[in-house]
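Q: Sequence first, predicted coordinates after that:
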Amino acid sequence: MKKMLTVACAALGVVTVAACGSGDDRVAEDSPYYGSLSELEAASDYALRISVTDVEASVVDGAAWDVVHGDVLASDPSFSDEAVTLEIPADTGTAESVEMASGGEYAIFVKVSDDGDVFLTSADQGVFPISDGVAGSSDAGTFSLGDAASRLGLSE
């Protein structure tokens, strides 16, 4: 069963999650901020390693979105689905958006709602590009993937 992953930020007027909002001036006002990987992990339900199979452009309520389709390669803890669909705002350079490319591999941190919907915990801090089995820094570059890398079968 595919899960719908959605960046949940009130600034987009689409979905609101309690995790949105930040007291840190270094990121957008409505984007969550985590001071460490431990804080990001504590706020997340899962860490997923995904391989992006396709990215489609979409427009929802006049806003540009990317619909990212990916295969789940590894998870911590165990995630029941083998594939995911991730709806993210098209990359506009803000903290609420992130670019994910077809053929790319990423480690992402997600939350699951009571209804089973899956959301990125943080677009700029919770998406780590992977190259040749090695995890890079998140878009914000705030911290590395740390020991979560080995749990997802990666090197740091």
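A: Received it, and whenever you're ready, just let me know what you need.
Q: Show me where this protein has its strands.
A: Using DSSP state E, the strands found in the chain span residues 3-6, 46-60, 63-76, 83-89, 105-112, 118-120, 127-131, 134-135.
Q: Direction included, what does the fifth one pair against?
A: As defined by DSSP bridges, the strand partners of strand 105-112 come to strand 46-60 (antiparallel), strand 118-120 (antiparallel), strand 127-131 (antiparallel).
Q: Mean neighbour count, the strands of the chain: which tops it?
A: Using mean count of other CB atoms under 10 Å, the stretch among the strands of the chain with the largest mean neighbour count is strand 118-120, at a mean of 25. For the C-beta atoms, the positions are set from N, CA and C on the backbone; glycine is no exception.
Q: as a whole number, average confidence for that strand?
A: Computed over strand 118-120, the mean pLDDT rounds to 78.
Q: swap in stretch 90-97?
A: 74.
Q: What's the end-to-end length of it?
A: 6 Å (CA to CA, to the nearest Å).
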